[in-house]
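Novice: Have a look; sequence and predicted model below, questions after that.
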Amino acid sequence: MRRLRKNSAVRRLLGGTSLSVSNFVYPIFVDENIINKQPIKSMPSQYRYSLKTLVHEVKEIVSLGIPAVILFGIPKVKNDTGSVAYARNGIIQKAVRLLKSNFGNTLAVITDVCLCEYTTHGHCGILKENDVANDETLNALVKIAVSHVEAGADIVAPSSMMDGQVSRIRDGLDKDGFSDVSILAYSAKFASSFYRPFREAVDSKPAFGDRKSYQMSYTNAQESLREVELDITEGADIVMVKPALVYLDVIKVVKGKFSIPLAAYNVSGEYSMIKNASRIGLIDEKEAVLEILTAIKRAGADIIVTYHAKDVAKWLNEGI
Ligand code: PBG
């Protein structure tokens with residue numbers, strides 16, 4: 001076997017999986033409360049952007065060849081029902097309009113459709129008797145998705161894990177004349193400890209309890225196939241597995257079973273572990289990031305949502 005690993009040219013020839021900047025989505029936090037960009041303490045080298053600083057940042061992302069961003073909002077006011085999430089002049093609606101008017105079709109704008117950043121209690125839906133009420137939440141999710149698309153979003157990404165969210169959003173979009181807008185469904189989203197840095201970034205830690213009645217259990221891989229199957233039946237255009245790194249098995253099985261485009265979300269905790277480990281010299285950041293993202297792609301992800309996207313794009317553009 002070593003004949004085929006003889007030198008770097010031979011190894012490259014026999015390459016196998018290679019990363020491409022075209023498959024990356026870069027997550028961006030847009031904050032209504034700030035003027036200058038603010039570092040996110042739990043996520044080294046990541047920032048919350050104001051509307052004023054957003055375009056400059058996205059210019060760099062576009063110039064690196066990254067085709068898409070996914071937006072998360074931090075509103076000025078939160079309430080019990082998270083209703084600012086579908087305000088016409090909400091932070092995400094404004095950010096989408098700004099990005100589409102600046103970048104047009106050179107940038108695909110994806111929006112996260114959820115309530116947890118907008119509710120005072122931090123849960124992903126509307127509460128009834130201290131649990132998230134599925135069907136009441138669906139009404140809000142449809143309003144959020146439509147408001148994002150009215151602002152110009154290309155793809156909406158429902159992430160609250162309510163049953164029926166994809167079909168209700170599909171119907172809502174079609175009824176309003178947006179049948180050309182895609183749905184990227186967070187289909188297999190696990191209740192994961194690896195979201196913690198993100199929750200600090202957007203201040204969405206649940207005030208009580210956890211998300212285990214709507215996000216999936218990591219003990220149950222079988223269920224993720226049912227979630228994916230349902231979302232496809234409901235009209236999803238792209239399905240997602242999240243987190244990525246500790247769910248490579250799920251990515252692989254989903255890829256083998258379904259022919260729909262598959263995304264994987266390399267989440268905040270996975271990102272911050274690498275940043276901190278490399279900061280104290282435990283690992284080489286570039287080598288570790290390339291190994292991890294290649295593994296996610298090798299497992300079967302067509303699209304990778306990752307906070308490392310800008311760094312990797314630079315390395316790829318330099319020929320690694
Ligand atoms: C919204 C949402 C979350 C993430 C993406 N969308 C948080 C959560 O479910 O608690 C996490 C992303 C990350 O950790 O990078 N529901």
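Specialist: Good, I have the coordinates. Since this is a predicted model, take the numbers as computed values, not measurements.
Novice: What residues of the top helix by length along the chain count as buried?
Specialist: Across the chain, the longest stretch assigned as helix under DSSP state H is helix 134-151. Across helix 134-151, burial judged by 16 or more other CB atoms under 10 Å covers 134, 137-138, 140-149, 151. In this view, the C-beta of every residue, glycine as well, is placed from N, C-alpha and C.
Novice: Identify all contacting residues around that helix.
Specialist: Here helix 134-151 makes contact (CB atoms under 8 Å, 6 or more residues apart in numbering) with 81-83, 85-88, 90, 92-94, 96-97, 100, 111, 113-115, 124-126, 128, 156, 158, 160, 162-165, 168-169, 171-173, 176, 178, 181.
Novice: Point out the residues in this structure that sit beside the ligand.
Specialist: The chain has residues 112, 114, 116, 124, 159, 195, 198-199, 267-268 near the ligand, with proximity defined as CB under 6 Å from any ligand atom.
Novice: Now, those that are in strands?
Specialist: In this view, the residues of the chain next to the ligand that belong to strands under DSSP state E are D112.
Novice: Show me the two of the residues of the chain next to the ligand that sit farthest apart.
Specialist: Using CB to CB, these reach their maximum pairwise distance at C124 and S268, which is 16.0 Å.
Novice: Just the strands from the stretch 51-200 of the chain, written as ranges.
Specialist: Along the stretch 51-200 of the chain, the segments classed as strands by DSSP state E, counting those that start in this stretch run 68-74, 108-113, 127-128, 131-132, 155-158, 182-189.
Novice: Let's have the ones you listed in TSV, adding mean pLDDT and mean neighbour count.
Specialist: Supplementary listing: those in TSV, determined by pLDDT from 0 to 100; neighbours: other CB atoms under 10 Å:
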stretch	mean pLDDT	mean neighbour count
strand 68-74	98	23
strand 108-113	98	25
strand 127-128	96	14
strand 131-132	94	18
strand 155-158	98	25
strand 182-189	98	26
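Novice: Quick check: which of the ones you listed is nearest to Q215?
Specialist: strand 182-189 (5.4 Å).
Novice: Give the pairing partners of the closest one; include direction for each.
Specialist: If you go by DSSP bridges, strand 182-189 pairs up with strand 155-158 (parallel), strand 238-242 (parallel).
Novice: Now do G319, the pLDDT please.
Specialist: On the pLDDT scale, G319 is placed at 86.
Novice: number of nearby residues for it?
Specialist: 5 (other CB atoms under 10 Å).
Novice: surely Q215 meets A191?
Specialist: Yes: at 3.8 Å, Q215 counts as touching A191 under the criterion of CB atoms under 8 Å.
Novice: and the two? which has more neighbours close in?
Specialist: It is Q215, of Q215 and A191, that has more neighbours when counted by other CB under 10 Å, with 20 against 15.
Novice: contacting residues for whichever residue of the stretch 51-200 of the chain sits closest to the ligand?
Specialist: In the stretch 51-200 of the chain, the residue that lies nearest the ligand is F198 (3.3 Å; CB to the nearest ligand atom). Residues near F198 by CB under 8 Å, 6+ apart: 42-43, 204, 267-269.
Novice: sorry, back to before: got the strands of the stretch 51-200 of the chain as CSV, with distance to L51 columns?
Specialist: Listed next are the strands of the stretch 51-200 of the chain as CSV, based on distance: least, CB to CB, whole Å:
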stretch, distance to L51
strand 68-74, 11
strand 108-113, 14
strand 127-128, 30
strand 131-132, 30
strand 155-158, 20
strand 182-189, 24
